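Trainee: my questions concern the predicted model and sequence given below.
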Amino acid sequence: MRIALAGNPNSGKTTLFNELTGSAQHVGNWPGVTVEKKEGPLKHHKDVLVVDLPGIYSLSPYTLEEVIARDYIVKEKPDVIINIIDATNIERNLYLTTQILETNIPTIIALNMMDVVKKSGDEIDIEKISKRLNAPVVGISAAYGEGLPELLSKALKAEKKAVTDEKIFSEDVEAAIEKIINKLPDNLGEQRRYYAIKLFERDEKILEELNFSTDKELDELITSIEDKYDEDSDSLITNERYQYVGNILKGNVVRKAHISISTSDKIDKVVTNKWLALPIFFGIMWLIYYLSITTIGDMFIGYVEEAAAFVSAKATVLMEAGNVSEMLQSLVNDGVIGGIGAIFTFVPQMMILFFFLSLLEDSGYMARVAFIMDRIFRKFGLSGKSFIPMLIGTGCSVPAIMASRTVENVKDRDMTILLTPFVPCGAKMPVFGMFIVMLFPTMAWVGPSIYIIALAMIIVSGIILKRTKRFKGDPAPFVMELPTYKLPRLKGVIIHMWDKAKAFIIRAGTVIFISVIVIWFLQSFSPSLKYIGVENMDDSILAAFGNAVKFIFKPLGFGNSWATPAAAVTGMIAKEVVVATFASIGSVVPIEFSQVSAFSFMMFTVFAAPCIAAIGAMRAEFGNTKDTVFALVFQTGVAYIMAFLANTIGNLVFAGTDATKLQPLDYTIMEDASEAVDISGGGQIVLVIFGLIIAAVIINIIIDKVKHSGMKTAKKGV
Ligand code: GDP
Ligand code: MG
């Protein structure tokens with residue numbers, strides 16, 4: 001049995017999905033969070049599959065994610081639909097409901113957010129509405145788990161009723177629909193009314209699908225009604241639907257007179273104010289960076305370093321006792337522990353950053369940022385819609401690139417895919433963290449300035465690209481509802497952080513693990529494949545490669561050592577690997593940066609071709625290799641120019657000051673390893689926390705695997 005969750009964006013579908021299935025999908029207080037359908041078995045009823053669909057406003061799709069939702073409902077026909085409605089916005093939400101009911105799939109209506117309704121003192125007569133709609137309605141509060149047992153029992157018992165083809169439109173329209181139904185082929189069965197209405201609306205996709213594109217009779221029938229009402233058939237249907245919804249709600253929804261403007265509106269007056277909006281946004285970003293990197297995050301760094309050194313020392317003792325060869329010891333210490341340890345150093349900062357970002361998301365502020373950005377983006381030919389994927393990109397470019405599906409216009413969409421990787425993702429955080437901690441310890445503005453420059457470059461690139469034939473044209477209008485502000489729920493924030501930690505640990509155990517081994521190999525062997533040990537890495541394959549290409553980076557200010565080109569290339573695998581590369585090279589060969597050249601390197605990291613996973617996502621969303629290659633060349637070109645500018649201007653402006661003085665990057669982890677057998681309280685806590693998280697992730701993966709194989713066998717059984 002399949003239960004599909006359908007409803008408007010931001011109505012609480014994913015929250016309900018998580019409650020029903022016990023999974024931890026991303027919930028955010030803004031539309032467009034879910035772009036792909038997610039499936040999972042119902043808790044305690046493993047034979048029931050729950051499907052979380054992307055949000056839709058109607059069954060006439062405009063964007064890709066809406067197509068996904070409609071096709072699932074109409075073509076794959078779930079056994080039951082739970083139509084989730086935001087009860088605080090019931091009029092607009094019921095518009096979709098009328099269409100869902102037309103498909104004649106058994107539907108339960110879940111009036112969500114009843115907690116908010118009750119708080120505001122509004123009253124909704126659920127029973128009467130249910131009677132009028134001729135469908136079961138249950139009041140719930142997904143976030144607090146209220147009303148779910150009743151909802152579930154109704155959903156599990158839902159049965160197909162006789163096809164009644166409830167008439168909801170005016171007589172003329174109903175008569176026309178009736179005539180169209182009679183023209184339809186028999187095999188449409190219970191969905192004939194749905195199809196007839198779509199034909200009446202002249203829905204092009206459906207006209208083609210049913211071979212009615214050239215049907216004269218149909219055209220005349222529709223035109224006669226359009227002439228009579230002096231209105232397009234589709235807007236006629238829209239209007240009559242709203243009238244019907246209005247009639248149903250009349251007398252059944254009592255709104256307490258809200259005389260004073262709501263808190264949300266009050267906050268918005270300030271936050272989206274023409275002059276204050278941007279300063280507030282940057283202020284918030286600065287504060288978040290200040291807290292996550294400079295203050296709280298910095299506190300943790302010492303502890304993590306200590307913990308890594310401790311693990312390394314213990315491993316050395318163990319390996320020496322076991323008579324392990326020098327080469328293998330070097331692999332474990334210099335390669336794996338040194339490399340991954342250096343990245344782990346910055347994980348607490350990453351987690352704190354995500355904690356704050358998800359607070360912003362769940363509160364509803366991020367939706368405002370998209371709205372604010374639309375005002376700016378639009379002037380430069382981009383839409384605020386493009387900013388939503390970019391917000392997701394602050395976490396990871398892969399889901400962000402997928403989120404570009406919320407952009408209707410194909411050109412806007414392709415441009416969004418191309419520009420989204422410019423947003424500094426979580427994996428680039430350790431790179432910035434490393435430089436900020438080592439070279440800019442007292443300058444909290446460096447972090448946010450990277451965001452501001454990235455944003456500016458997105459706009460500039462947009463302007464440039466808009467001038468090319470490929471991307472010409474005005475952006476589609478920006479229509480997005482602003483959700484009301486909500487107090488972020490701890491559960492949502494924790495889910496978000498857990499997701500990030502899990503994703504990172506999985507990467508650390510796979511991609512990053514393999515890359516540090518490869519890097520270790522490249523730096524421990526000579527070009528003639530002789531083991532030379534990391535002490536002699538100046539003669540290694542990696543050094544030979546770096547020396548051969550470092551001239552390319554000379555104009556950017558970081559071509560003096562072979563380590564930087566090497567790190568720039570290894571960063572393609574995963575951006576965190578840049579840190580690992582520096583750490584393992586830097587423990588033997590001093591790597592020197594000035595503040596200016598470090599900033600230049602950060603610029604290069606922000607804009608250069610993203611990691612392999614993101615390139616794959618770009619390829620998938622573009623759907624062709626040509627655009628992907630163009631994007632990569634464009635991105636790397638921008639990276640080069642920006643780094644060049646940063647270095648050149650920096651050296652001019654700060655000539656003679658400390659900012660241009662070369663300083664060695666200070667990697668103490670490896671040097672201290674042999675002595676760090678004693679470990680402080682802070683280091684122990686870090687070890688325990690990481691140990692617990694890693695254990696939890698592993699258990700989680702195992703459970704997932706077991707569940708999955710269980711589901712497959714169940715399917716086979718059927
Ligand atoms: P979706 O877009 O339909 O998947 O909606 P989400 O599940 O992502 O939820 C949107 C927002 O509504 C999130 O901020 C949720 O925390 C919040 N939310 C969901 N259900 C409820 C509820 O019953 N009561 C309240 N107060 N908030 C809720
Ligand atoms: Mg969702």
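Mentor: Okay, I see it. Numbering: from 1, shown residues only. Ligands and ions are numbered 1, 2, ... in the order given.

Trainee: just the strands in this structure please.
Mentor: Ranges of strands in the chain, per DSSP state E, are 2-7, 38-42, 45-52, 80-86, 107-112, 123-124, 137-139, 253-254, 592-593, 663-664.

Trainee: what sits against the nearest residue to T15 once chain neighbours are set aside?
Mentor: In space, T15 comes closest to A142 once its chain neighbours are excluded; the distance is 4.3 Å by CB to CB, 6 or more residues apart in numbering. Quick note: C-beta positions are derived from backbone N, CA and C, even for glycine. With contact set as CB atoms under 8 Å, 6 or more residues apart in numbering, A142 has these partners: 12, 15-16, 19, 84, 110, 112-113, 148.

Trainee: go on, T564?
Mentor: Contact partners of T564, counting by CB under 8 Å, 6+ apart, are 546, 550, 553, 558, 591, 601.

Trainee: and if we set it to 6 Å?
Mentor: Residues in contact with T564 (CB atoms under 6 Å, 6 or more residues apart in numbering) are F558.

Trainee: in CSV, list the strands of the chain along with mean pLDDT.
Mentor: As requested, those are arranged in CSV below (pLDDT from 0 to 100):
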stretch, mean pLDDT
strand 2-7, 95
strand 38-42, 89
strand 45-52, 91
strand 80-86, 96
strand 107-112, 96
strand 123-124, 92
strand 137-139, 97
strand 253-254, 86
strand 592-593, 92
strand 663-664, 87
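
Trainee: of all the ones you listed, which one is nearest ligand 2?
Mentor: The closest approach between ligand 2 and any of the strands of the chain, judged by CB to the ion, belongs to strand 45-52 at 6.3 Å.

Trainee: tilt between that closest one and strand 38-42?
Mentor: Counting by axes from the mean of the first three to the mean of the last three CA atoms, to 10 degrees, strand 45-52 points 150 degrees away from the direction of strand 38-42.

Trainee: who's in contact with strand 45-52?
Mentor: Applying CB under 6 Å, 6+ apart, the contact partners of strand 45-52 are 1-5, 13-14, 17, 20-21, 37-42.

Trainee: who wins for most neighbours among those?
Mentor: Comparing the contacts of strand 45-52 by number of neighbours (other CB atoms under 10 Å), K13 comes first, having 31 neighbours.

Trainee: so that residue sits against I3, correct?
Mentor: No. Look at K13 against I3 with CB atoms under 6 Å: they stay out of range, at 11.7 Å.

Trainee: for the protein, give me the ranges with low pLDDT.
Mentor: 28-35, 162, 164, 257-261, 478-479, 667-677, 707-718 (pLDDT under 70).

Trainee: check contacts around I585.
Mentor: A563.

Trainee: can you tell me how far it sits from L199?
Mentor: Here the criterion is CB to CB, to the nearest Å. By it, I585 lies 67 Å from L199.

Trainee: same question for P54.
Mentor: In this structure, P54 and L199 are 25 Å apart, going by CB to CB.

Trainee: more neighbours, these two?
Mentor: Neighbours of P54 and L199, each counted by other CB under 10 Å, are more numerous for P54; the result is 28 against 25.

Trainee: so the more buried one touches A69, yeah?
Mentor: Yes. In this structure, P54 sits in contact with A69. The criterion is CB under 6 Å, and the distance is 5.0 Å.

Trainee: flag every residue of this structure that's near ligand 1.
Mentor: When proximity is defined by CB under 6 Å from any ligand atom, the chain lies next to ligand 1 at 7, 9-15, 27-29, 33-34, 55, 112-113, 115-116, 141-143, 362, 486, 489, 492.

Trainee: show me what residue of the stretch 151-300 of the chain gets nearest to ligand 1.
Mentor: Of the stretch 151-300 of the chain, the residue with the smallest distance to ligand 1, taken as CB to the nearest ligand atom, is L151 at 11.8 Å.

Trainee: once you drop chain neighbours, what's closest to that residue?
Mentor: Spatial nearest neighbour of L151, chain neighbours left out: V138 (4.6 Å); criterion: CB to CB, 6+ apart.

Trainee: so who does that neighbour touch?
Mentor: For V138, the contacting residues are 110, 147, 150-151, by CB under 6 Å, 6+ apart.

Trainee: excluding chain neighbours, give the residue nearest to the residue in the stretch 201-350 of the chain positioned nearest to ligand 2 in space.
Mentor: Nearest residue of the stretch 201-350 of the chain to ligand 2: S264, at 20.3 Å (CB to the ion). For S264, ignoring the flanking residues on the chain, the nearest one in space by CB to CB, 6+ apart is T484 at 4.4 Å.

Trainee: burial of that neighbour, as a residue count?
Mentor: Neighbouring residues of T484 were enumerated by other CB under 10 Å; the total is 20.

Trainee: do you know how far it is from A370?
Mentor: Applying CB to CB, one obtains 16 Å for the distance of T484 from A370.

Trainee: got it, and K13?
Mentor: K13 is 20 Å from A370, where distance means CB to CB.

Trainee: residues in contact with G637?
Mentor: Shown here is G637, which makes no contacts under the criterion CB under 6 Å, 6+ apart.

Trainee: you'd agree M537 is up against Q523?
Mentor: Yes. With contact defined as CB under 6 Å, M537 counts as touching Q523 (4.4 Å).

Trainee: which of these two has more neighbours?
Mentor: Neighbours per residue (other CB under 10 Å) separate M537 from Q523, with Q523 holding more: 29 against 25.
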